[in-house]
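**Q** got a structure for you, letters missing:
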C-alpha cells in the first residue's frame, strides 16, 4: 500500500523531477516507510511506500532487467504468486523474492493491456514504457484504490493517488468546481469522474489508459455482468461460497506484518473475522462503539453486544473504541482533509477507528462490499417488484413508484438512496448566484444513463448495478482515504474477484426473496458465527448523530452553520439552512444527512480557501472566494 505520482511532459517541463519530489512528500502519510523517484526525458515518477510485502525487495519505482519498463504501484495483487509462476514459465527472471510489484513489470512485458484482467487485487499503477515513450495507467475493477489525473500547464499530464499531490505539482490551479458541488449536494456522492476541484478527475475503475505524445487511448477491461447461471442447490452453493471465502481470506492475509480486523458486529465483518480465526491466524478485532447517554431512537446503530458476542465465541482479543458525543467537533476538519472531497455518511467515525487501529497494526481486513453484491439492502429490493417479463416488470415498477410518490420514478429512486437535497428543493436551498455558476444537474438523466449501461434487464440486477457503480464506489473512497491518512492499509476481502464472480452468477432466488436479504451469505457463514449474528437484520454502521445533533452538538452546529457564515459563503440561502436546523433540533424532521453535507462543505471551504475560505465569527472572509 503506497502513494504514486507522476508528470508526463514530453520534454517541456525540465523541473518535473523536483515537482514530483514535492508531490510524493505531500503524501508521506500514505508511505512513511520509504520513497523513491525516477525520471527520463519525457516523464518523472514518484512513490511513497507503506511496506507490507517483501520489505527489502519491494522498493519502487521498480524496473525490469534492462530498465525499459518502470512501474509505480499502489495496492496489493493477491494472486501475485500464481502470476509469478506463470511468468517464470514464460522465461521471465525475477530479482525479488516475493514482491507483488515485480509481477506488474513482467506482466506488462508479457501481456501489456491484457495484464489487467489477470490481476486479482486492489490497485492503481502507472507503467512507463521507455521503448514506446508511453505511459500506461490501470485501476482495479471496483475502484478500491484511488487514482486522479489532470491536464496541467506546458502540455503536461499529472497523476497521483491524492488530489492534493496534483495541486502540489504547481501545474494545476486549485479551484472549486461549482457543478461538482451541486452534484455532491444532490447525491452526497460523485457518480462519475467528478471531483470538487476543477480540472482534476477520478480515473475510472475497471479501465486502462495509454498516453503518448500525440495520442491517448482509454478502454474498459472489466464491468459487472449478471449471468445468474449457477444451478447448485442452496446447500451446495453455500458450501462453494464458503470455500471461496476462506480461500479469499487466505490470499488477503498474505503479508509480512500482522493483519487485524474490523468487527462492527454485523455479519460481514463477523464473517471476515471468523474466517481469519478459523485459519489459525487469530486476529485482534477492533470495534467502534458510541456514548448512548440520552440517545433516542437512533441508538439502534450500536452493535456492541453482537461484536462482544462474536469475540467471546471465538476467544480472540477484542479492542473497543468508545466515541464521546462531541467527537465530531474535533474530527470534522481532520476527516474532510483526509477525504479531500466530502463524501457520504458520517465518515468521521471511520477516521477515528482507523486512527486507533493504526496504533497497533499496518493492515486491517474490512467487511466493506458485503451488502452491495450479496443482496443486503433488502428495502431496495422490496421497493422493486419483479415478474417474468422484464418489460412488464419495468412498467409495474414505474406505476408502483408513481403511486407511492405522487411523482415520477426518479423521485422514489432518489429517496431510496437518501440523497440530501431533493432536486425540487434546490432553488429554495441555493442562491441564484451559485445556481448560475453551477449550471444544471439532472439526477434523472444521470440515473437513466447508468441503467442503460447495465447488461441485464432484471430490475434487481439494475439496482445492484447502480449500487455497485455509485454507493459502493463512494464507500471504497472513504475506506482508502480514511485508513491511509493514518498509514493503515484496509483490505476488502468481500470484493475479491473470485468471490464477486461467483455471486454475480448466483440466481436471485438464493440471494434475496423480498423478505430476507443475503440468504446465501448467511447460509455460507452459518457454521462459524453465533446464531445472534447469523440471524440479525441489516443495521448499518454509524453514530447516533441524529440525537447528538439535537443535544451535545447543537450549539457547535449552530456556530458552524451560522447565518453570517452561510450568507458570506454565497452557496446556500440562509433561511434554508435555518429551517433545516430548526426542523431537526425540534424533532420535527430528521435532517442528519443534509446537516452532515452542510458541515462537510463548510469544512472543505475553510480548509481549501474556497467561497470565502476561513471565516471568522462575524462571517468575514479571510481568504479570497473561489
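**A** Good, I have the coordinates. What you see is a predicted model; the values in this text were computed from it and never measured.
**Q** quick one: what helix or strand has residue 126 in it?
**A** Per DSSP states H and E, residue 126 falls inside strand 121-129.
**Q** can you list contacts of that strand?
**A** With CB atoms under 8 Å, 6 or more residues apart in numbering as the test, strand 121-129 has contacts from 4, 6, 38, 40, 43, 45, 68-80, 100, 104-105, 108, 134-140, 144-147, 159, 161, 203, 491-492, 495. Every C-beta, even on glycine, is put in place using the N, C-alpha and C of the backbone.
**Q** show me the protein divided up by domain.
**A** Residue ranges for each domain of the chain read 2-220, 234-375+469-535, 387-457, 553-608, as given by automatic domain parsing.
**Q** make a markdown table from those and add distance to residue 546 and mean neighbour count to it.
**A** Shown next, in a markdown table, are the domains of the chain (distance: least, CB to CB, whole Å; neighbours: other CB atoms under 10 Å):
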| stretch | distance to residue 546 | mean neighbour count |
| --- | --- | --- |
| domain 2-220 | 16 | 20 |
| domain 234-375+469-535 | 5 | 20 |
| domain 387-457 | 13 | 15 |
| domain 553-608 | 5 | 19 |
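**Q** hey, least reliable of these by pLDDT?
**A** Lowest mean pLDDT within the domains of the chain: domain 387-457, a mean of 72.
**Q** which helices and strands does the lengthiest helix in the chain pack with?
**A** If you go by DSSP state H, the chain has its longest helix at helix 234-252. Judged by 3 or more CB pairs under 8 Å, 6 or more residues apart in numbering; DSSP states H and E, the packing partners of helix 234-252 are helix 267-278, helix 497-505, helix 519-525.
**Q** which strands and helices lie in contact with the longest one?
**A** Counting contacts by 3+ CB pairs under 8 Å, 6+ apart, the secondary-structure elements packed against helix 267-278 are helix 234-252, strand 259-262, helix 304-314, strand 363-365, helix 370-374, helix 519-525, helix 531-535.
**Q** against which helices or strands is the helix or strand following that helix packed?
**A** Where DSSP H and E defines the elements, the next helix or strand beyond helix 267-278 is strand 285-290. Packing partners of strand 285-290 (3+ CB pairs under 8 Å, 6+ apart): strand 259-262, helix 304-314, strand 318-323, helix 348-358.
**Q** list the contacts of the most centrally placed residue in the chain.
**A** Nearest to the mean C-alpha position of the chain, counting by CA atoms, centre = their mean, stands residue 476 at 1.7 Å. Residue 476 makes contact with 142-144, 368-369, 492, according to CB under 8 Å, 6+ apart.
**Q** got the phi and psi for residue 465?
**A** As for residue 465, its main-chain torsions (degrees, to the nearest 10) stand at phi -60, psi -50.
**Q** now do the contacts for it.
**A** Contact analysis of residue 465 by CB under 8 Å, 6+ apart lists 224, 226, 450-451, 453-454, 456.
**Q** where do the helices sit along the stretch 351-500 of the chain?
**A** Assignment of helices within the stretch 351-500 of the chain using DSSP state H, counting those that start in this stretch yields the ranges 370-374, 378-382, 390-405, 409-416, 426-429, 432-438, 443-453, 459-466, 472-484, 497-505.
**Q** who wins for proximity to residue 553 among those?
**A** Nearest to residue 553, of all the helices of the stretch 351-500 of the chain, is helix 472-484, at 20.2 Å by CB to CB.
**Q** what about residue 336, distance to residue 577?
**A** Using CB to CB, to the nearest Å, residue 336 is found at 18 Å from residue 577.
**Q** ok, residue 355 next?
**A** Between residue 355 and residue 577 the computed distance is 30 Å (CB to CB).
**Q** one more: residue 68?
**A** Distance from residue 68 to residue 577, by CB to CB: 57 Å.
**Q** check residue 305 too.
**A** 38 Å.
**Q** and for residue 203?
**A** Note on residue 203: its distance to residue 577, by CB to CB, is 35 Å.
**Q** same deal with residue 485?
**A** According to CB to CB, residue 485 and residue 577 sit 29 Å apart.
**Q** share the number of residues neighbouring residue 379, please.
**A** Using other CB atoms under 10 Å, residue 379 has 9 neighbouring residues.
**Q** next one: residue 191 from residue 10, what distance?
**A** On the measure of CB to CB, residue 191 and residue 10 end up 33 Å apart.
**Q** ok, now residue 45?
**A** According to CB to CB, residue 45 and residue 10 sit 15 Å apart.
**Q** so who does residue 486 touch?
**A** Applying CB under 8 Å, 6+ apart to residue 486 gives the contacts 29, 354-355, 357-358.
**Q** do residue 487 as well
**A** Residue 487 touches 29-32, 50, 358, 362, counting by CB under 8 Å, 6+ apart.
**Q** the stretch 501-626 of the chain: helices as residue ranges?
**A** Under DSSP H, counting those that start in this stretch, the stretch 501-626 of the chain gives helices at 519-525, 531-535, 545-550, 554-560, 563-569, 574-585, 592-608.
**Q** nearest to residue 468, of these?
**A** Closest among the helices of the stretch 501-626 of the chain, using CB to CB: helix 519-525, at 15.8 Å.
**Q** and the closest one, how far out from the chain middle?
**A** Put simply, helix 519-525 sits 25 Å off its chain's centre (CA atoms, centre = their mean, to the nearest Å).
**Q** now residue 153: closest residue in space that isn't a chain neighbour?
**A** Sequence neighbours aside, residue 171 is the residue nearest to residue 153 in space, at 5.0 Å (criterion: CB to CB, 6 or more residues apart in numbering).
**Q** confirm the one you found sits in a strand?
**A** No: counting by DSSP: H, G, I helix; E, B strand; the rest coil, residue 171 is not part of a strand but coil.
**Q** offset the numbering so it begins at 641, please.
**A** Let's use 641 as the start, then, which means that last one is residue 811.
**Q** and it, how far from residue 857?
**A** Where residue 857 is concerned, residue 811 sits at a distance of 23 Å (CB to CB).
**Q** same question for residue 1219.
**A** Using CB to CB, residue 1219 is found at 50 Å from residue 857.
**Q** ok, now which ones touch residue 784?
**A** Applying CB under 8 Å, 6+ apart to residue 784 gives the contacts 715, 762-763, 1116, 1119-1120, 1132, 1135.
**Q** and with 6 Å instead?
**A** 762, 1116 (CB atoms under 6 Å, 6 or more residues apart in numbering).
**Q** before we move on, what SS does it have?
**A** Assigned with three-state DSSP, residue 784 falls in the coil class.
**Q** with residue 749 instead?
**A** Under the three-state scheme (three-state DSSP), residue 749 adopts helix.
**Q** distance of it relative to residue 786?
**A** 26 Å.
**Q** next one: residue 868
**A** Counting by CB to CB - residue 868 and residue 786 are separated by 31 Å.
**Q** one more: residue 926?
**A** Separation of residue 926 from residue 786 (CB to CB) stands at 23 Å.
**Q** do the same with residue 1153
**A** As judged by CB to CB, residue 1153 and residue 786 stand 36 Å apart.
**Q** quick one: residues contacting the closest residue to residue 678 other than its chain neighbours.
**A** In this structure, residue 678 finds its nearest non-sequential neighbour in residue 701, 4.1 Å apart by CB to CB, 6+ apart. Counting by CB under 6 Å, 6+ apart, residue 701 touches 676, 678, 685, 687, 710, 712.
**Q** let's see 8 Å
**A** 676-678, 685-687, 710-712.
**Q** measure it to residue 672 for me?
**A** Distance from residue 701 to residue 672, by CB to CB: 18 Å.
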